[in-house]
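Undergrad: predicted model and sequence follow; I will ask about them next.
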Amino acid sequence: SGSFGRLTLNKQNGSTLFNAALGAVSPGFEANDLGFVGRTDVLNAHVSSGYRWTKPRGLINSARYATTIFGTWDFGGARNSAGWWNNVNITWSNFSGTYFGGTVNPASTNVRGTRGGPAMASPGGFEAFAGWTSDERKPLSFEVELSGSRYAGGERHAQNYSIAATYRPASNVSISVGPSYEALRNPAQYLRAADDPAATATYGRRYLFGDLDQQTLSGNIRVNWILSPKTSIELFAQPLISSGRYHTVRELRAPGTFAFRDFGTEGSTVDRAAGVVDPDGAGAAPAITIGQPDFTFASLRGNAVFRWEYTAGSTFFLVWTQQRAYQDSQGRFAPGSSFDRLLSEPGQQVLMMKLSYWLNR
């Protein structure tokens, strides 16, 4: 039922670039067995242009600039997102590279923030990023990237730092290591909703959010070894540690706004030890259980893949996978102790084999 469509226009030839698209998914669209639909009731469009310089000039080997205006709406006419995105890429004469850019996002309507409840406002803000890459032709190369965002009304702000190093001791071997760190502050992280007839401003339900302070440390470790044109070994490991603390619990005051009432003010109470908040203290409104939303989550995933093309187009894979994880409600960011505890957790081991044979007629 419903309909889905997308129209695109793209220019790739020459120095001047252009791309535009218009898409729509009607409310209630259902693809049945054709596939999974991530979202319905959406109209989106963008127009992008840019220019690329391909002839070396002085310190610059090549460069590219791109700019895009985009927007998303629902069929009711509410603007769910919009922005102006810009990006610059420069390859220098020593074959290192620099890139930077950002996005300016005006205020919009958040139709998913209450998880099926009334829409709420989403203040405008900006996001920016910058990075540098060394000459990838050399045995040892690096990439560094910084990014951050900040939005009006304290909606959220984040900083992300990552660095990656790749070592190629031989033409058939590469080793890559890439740690990253993110600090996120989101004063409107959804917690839960609870029925309360006294909450007439939000149609008989209270929508609870938390002021979340989250830190995440992760990394990718990868080894590729080409033994021959027909055989290879790939090793991969991904550790991750993330902790979050909720400093304040609050509720949405009214639909279409980004205004909240903090529990513990205006006659409401909060008991974090018991995991309970009450909209009117000793009044008639029922207390709401939120539990202990603070968290620390750690995981370690790794796999090893042996690939053998035993005949043209036919391949044998042998894959070993291990994963382990733990979670608690402490919310304390302590990578050292978290990783020690992670290693003591029981892991799940999986061994898989896959064999394919190409039928050539």
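TA: Sure, I can see it. Numbers count the residues shown, from 1 in each chain.
Undergrad: ok, Ser49 touching Thr67?
TA: Yes: using Cβ atoms under 8 Å, Ser49 is in contact with Thr67, at 6.2 Å. Glycine gets a C-beta too; all of them are placed from N, C-alpha and C.
Undergrad: right, and the helix or strand after the helix or strand where Val144 lies?
TA: Applying DSSP states H and E as the criterion places Val144 in strand 140-151. On the C-terminal side of strand 140-151, the closest following helix or strand by DSSP H and E is strand 157-170.
Undergrad: helix or strand right after that following strand?
TA: Taking DSSP H and E, what comes next after strand 157-170 is strand 173-195.
Undergrad: just the angle for that next one relative to strand 140-151, thanks.
TA: Note on geometry: by axes from the mean of the first three to the mean of the last three Cα atoms, to 10 degrees, strand 173-195 and strand 140-151 are set 20 degrees apart in direction.
Undergrad: follow-up on the earlier one: quick one, the strand holding Val144 and strand 157-170 angle?
TA: Going by the same axes, to 10 degrees, strand 140-151 makes 170 degrees with strand 157-170.
Undergrad: what ranges do the helices span in the protein?
TA: 335-344 (DSSP state H).
Undergrad: isn't Ala107 up against Met120?
TA: No: Ala107 lies out of contact with Met120 (Cβ under 8 Å); the separation is 11.4 Å.
Undergrad: the two: who's more crowded?
TA: Met120 (24 against 16; other Cβ atoms under 10 Å).
Undergrad: so how far is Val25 from Leu43?
TA: Leu43 is 8 Å from Val25, where distance means Cβ to Cβ, to the nearest Å.
Undergrad: okay, now the unreliable bits of the protein?
TA: 361 (pLDDT under 70).
Undergrad: on that earlier part again, what lines up beside the strand holding Val144 in the sheet?
TA: If you go by DSSP bridges, strand 140-151 pairs up with strand 125-133 (antiparallel), strand 157-170 (antiparallel).
Undergrad: and the contacts of the longest one?
TA: So that's strand 157-170. 136, 139-151, 174-185, 220 (Cβ atoms under 8 Å, 6 or more residues apart in numbering).
Undergrad: mind listing what's buried in stretch 300-309?
TA: By neighbour count on 16 or more other Cβ atoms under 10 Å, the buried set for stretch 300-309 is Leu300, Arg301, Gly302, Asn303, Ala304, Val305, Arg307, Glu309.
Undergrad: follow-up on the earlier one: buried residues of the strand holding Val144, list them for me.
TA: In strand 140-151, counting by 16+ other Cβ under 10 Å, buried: Ser141, Glu143, Glu145, Ser147, Gly148, Ser149, Tyr151.
Undergrad: kindly report the same for stretch 266-281.
TA: Applying 16+ other Cβ under 10 Å to stretch 266-281 flags Ser268, Thr269, Val270, Val277, Asp278, Pro279 as buried.
Undergrad: as CSV, the buried residues of strand 140-151 with distance to Gly35 would be great.
TA: Formatted as CSV, those follow (distance: Cβ to Cβ, whole Å):
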residue, distance to Gly35
Ser141, 39
Glu143, 35
Glu145, 33
Ser147, 32
Gly148, 36
Ser149, 32
Tyr151, 34
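Undergrad: could I get stretch 21-41 in CSV with only the CA atoms?
TA: Taking C-alpha atoms only, stretch 21-41 is exported to CSV below (Å, rounded to 0.1, in the frame of the first residue of the first chain):
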residue,chain,number,x,y,z
ALA,A,21,17.2,14.8,-6.0
LEU,A,22,13.5,14.8,-4.9
GLY,A,23,12.1,11.8,-3.0
ALA,A,24,8.8,10.9,-1.3
VAL,A,25,7.5,8.0,0.8
SER,A,26,3.7,8.3,1.5
PRO,A,27,2.2,7.6,5.0
GLY,A,28,1.4,4.0,5.4
PHE,A,29,3.7,2.8,2.6
GLU,A,30,4.2,-1.0,3.0
ALA,A,31,6.6,-2.9,0.8
ASN,A,32,5.7,-6.3,2.3
ASP,A,33,8.2,-9.0,1.1
LEU,A,34,10.0,-6.6,-1.2
GLY,A,35,12.1,-5.2,1.7
PHE,A,36,12.4,-3.2,4.8
VAL,A,37,11.2,0.4,5.0
GLY,A,38,13.0,2.6,7.5
ARG,A,39,10.6,5.5,7.5
THR,A,40,7.4,6.6,5.9
ASP,A,41,5.5,10.0,5.7
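Undergrad: what about it, distance to the chain center?
TA: 22 Å (Cα atoms, centre = their mean, to the nearest Å).
Undergrad: from Gly71, how far out is Ala82?
TA: For Ala82, the distance to Gly71 - Cβ to Cβ - is 4 Å.
Undergrad: ugh, wrong one, I meant Ala119
TA: Ala119 is 16 Å from Gly71, by Cβ to Cβ.
Undergrad: give me the contact list for stretch 55-66.
TA: By Cβ under 8 Å, 6+ apart, stretch 55-66 touches 17, 48-54, 86-93, 95.
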